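Engineer: structural data only, the sequence is not supplied:
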């Protein structure tokens, strides 16, 4: 069902004023409002945390304490506009655009390895589009993988030819997902993509041996990468610091130790916004992006951190409801893939701040500073809303 024809009684846009009002009312009833409000709340909290983390960083802000705050708000506004665009277009129409989107994603990742690419914190994952304007193509790969696998895995099932994807279809879907994963050089993004692939396979109804086989293959591949020395030194250091937090606290273990100190110093209610000594003293690196949760832990305390977790939990709950109520396999896979993406990335980001997960350079969805990440997660919200709109009003 297109988003342009709810309850209008005819194909296309209703012509009368009453018809237009009815269509708008139908859209309002079909939208999942908690799924709109929760990301907005997370972005609002993130804006304050980003502001606190950067207002004293003159080497980043150039003397303008509000610079990152304004940029974060602009990124949020663009992200919301992208979500609205996806809802207007409809996730079903994205089927026809998928081949072009897939090729575009691969081209953008390929350009990262040209002179247009930029290396930040040891990872060559950014693309310079203009002075001061960079994007991280790997953020959009997650959307591409979800869409691509959904199209391939659901084709025969939604056509009524089969109840579940056959082995050949699964191989095609895995091959489609494998190419961008191999090309992406960002270890953290690769981890997220692998979890997305697992979530998509589970949601598709593919045989369990495919899921088990992928897990075994992934584990074997990780061991092989380690033994063959294919990881960069900074990546090895991150795993070493995770395995032994006391290892070189002023060197490879510095980030994790400072993050835990910041969170621990917040206590139950925190030191107060803009009052965190770890944050004000700039002891935690990349605090506006990868370690944004440390600002919440220090300045808002356990209560503030728990509030962020609660909002993320509500987000996952609403997304799971949408996945369960989807009217076709294509829509189910899209929603389930987004759930896997958000859940793992949130767990990894917060976990590395707490020292229970290795540092992987992943932002906290809707909270961390970063344009590419913000755009990608809001596109995902638009896709979830589009799936929700497709459901009958009684569902």
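Structural biologist: Yep, it's here. Just so you know, these numbers come straight off a predicted model, no measurement behind them.
Engineer: residues making contact with the longest strand seen in the chain?
Structural biologist: For the chain, the strand with the greatest residue count under DSSP state E is strand 123-130. Under the criterion C-beta atoms under 8 Å, 6 or more residues apart in numbering, residues 108, 111-113, 116-120, 134-138, 184-187, 189, 361 lie in contact with strand 123-130. (Glycine included, C-beta is placed from N, CA and C.)
Engineer: my guess is residue 267 contacts residue 301, does it?
Structural biologist: Yes. With contact defined as C-beta atoms under 8 Å, residue 267 counts as touching residue 301 (5.4 Å).
Engineer: the stretch 101-250 of the chain: strands as residue ranges?
Structural biologist: For the stretch 101-250 of the chain, the strands defined by DSSP state E, counting those that start in this stretch occupy 117-120, 123-130, 133-135.
Engineer: list the buried residues for the longest strand of the chain?
Structural biologist: For strand 123-130, the neighbour count (16 or more other C-beta atoms under 10 Å) marks 123, 125-127 as buried.
Engineer: among those, find the lowest-pLDDT one for me.
Structural biologist: Among the buried residues of strand 123-130, residue 123 has the lowest pLDDT, at 72.
Engineer: and that residue, how far is that from residue 218?
Structural biologist: 21 Å (C-beta to C-beta, to the nearest Å).
Engineer: can you name the next helix or strand after the helix or strand harbouring residue 310?
Structural biologist: If you go by DSSP states H and E, residue 310 is part of helix 301-325. Downstream of helix 301-325, the first helix or strand assigned by DSSP H and E is helix 329-354.
Engineer: helices and strands around that following helix, which ones?
Structural biologist: On a contact count with 3 or more C-beta pairs under 8 Å, 6 or more residues apart in numbering; DSSP states H and E, helix 329-354 meets helix 137-158, helix 187-204, helix 254-265, helix 292-295, helix 301-325, helix 371-390.
Engineer: any chance of those in TSV, plus mean neighbour count and distance to residue 54?
Structural biologist: TSV is the format used below for the helices and strands packed on helix 329-354 (neighbours: other C-beta atoms under 10 Å; distance: least, C-beta to C-beta, whole Å):
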stretch	mean neighbour count	distance to residue 54
helix 137-158	24	20
helix 187-204	22	22
helix 254-265	20	15
helix 292-295	30	10
helix 301-325	18	18
helix 371-390	24	15
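Engineer: got these as CSV, with distance to residue 285 and mean pLDDT columns?
Structural biologist: Putting the helices and strands packed on helix 329-354 into CSV (distance: least, C-beta to C-beta, whole Å; pLDDT from 0 to 100) gives the following:
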stretch, distance to residue 285, mean pLDDT
helix 137-158, 21, 93
helix 187-204, 15, 92
helix 254-265, 6, 87
helix 292-295, 10, 95
helix 301-325, 19, 96
helix 371-390, 18, 94
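Engineer: so which of those gets nearest residue 225?
Structural biologist: The minimum distance between residue 225 and those falls on helix 187-204, with 9.4 Å, by C-beta to C-beta.
Engineer: quick one: work out the angle between the closest one and strand 123-130.
Structural biologist: 100 degrees (axes from the mean of the first three to the mean of the last three C-alpha atoms, to 10 degrees).
Engineer: would you mind saying which of the helices and strands packed on helix 329-354 lies nearest residue 44?
Structural biologist: helix 301-325 (10.3 Å).
Engineer: what's in contact with that closest one?
Structural biologist: 32, 34-35, 38-39, 41-42, 45, 203, 263, 266-271, 293, 296-297, 300, 332, 335-336, 338-339, 342-343, 346, 350, 364-365, 367, 384, 387-388, 391, 395.
Engineer: mark which of those are buried, thanks.
Structural biologist: The buried subset of the contacts of helix 301-325 - by 16+ other C-beta under 10 Å - is 32, 35, 38-39, 42, 45, 203, 263, 266, 270-271, 293, 296-297, 300, 332, 335-336, 338-339, 342-343, 346, 350, 364-365, 367, 384, 387-388, 391.
Engineer: need the contact list for the closest residue to residue 340 other than its chain neighbours.
Structural biologist: Nearest residue to residue 340 in three dimensions, chain neighbours excluded: residue 199, at 2.8 Å (C-beta to C-beta, 6 or more residues apart in numbering). Shown in contact with residue 199 (C-beta under 8 Å, 6+ apart): 336-337, 339-341.
Engineer: export those residues to JSON lines and append columns for distance to residue 69.
Structural biologist: Shown next, in JSON lines, are the contacts of residue 199 (distance: C-beta to C-beta, whole Å):
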{"residue": "336", "distance to residue 69": "35"}
{"residue": "337", "distance to residue 69": "32"}
{"residue": "339", "distance to residue 69": "30"}
{"residue": "340", "distance to residue 69": "31"}
{"residue": "341", "distance to residue 69": "26"}
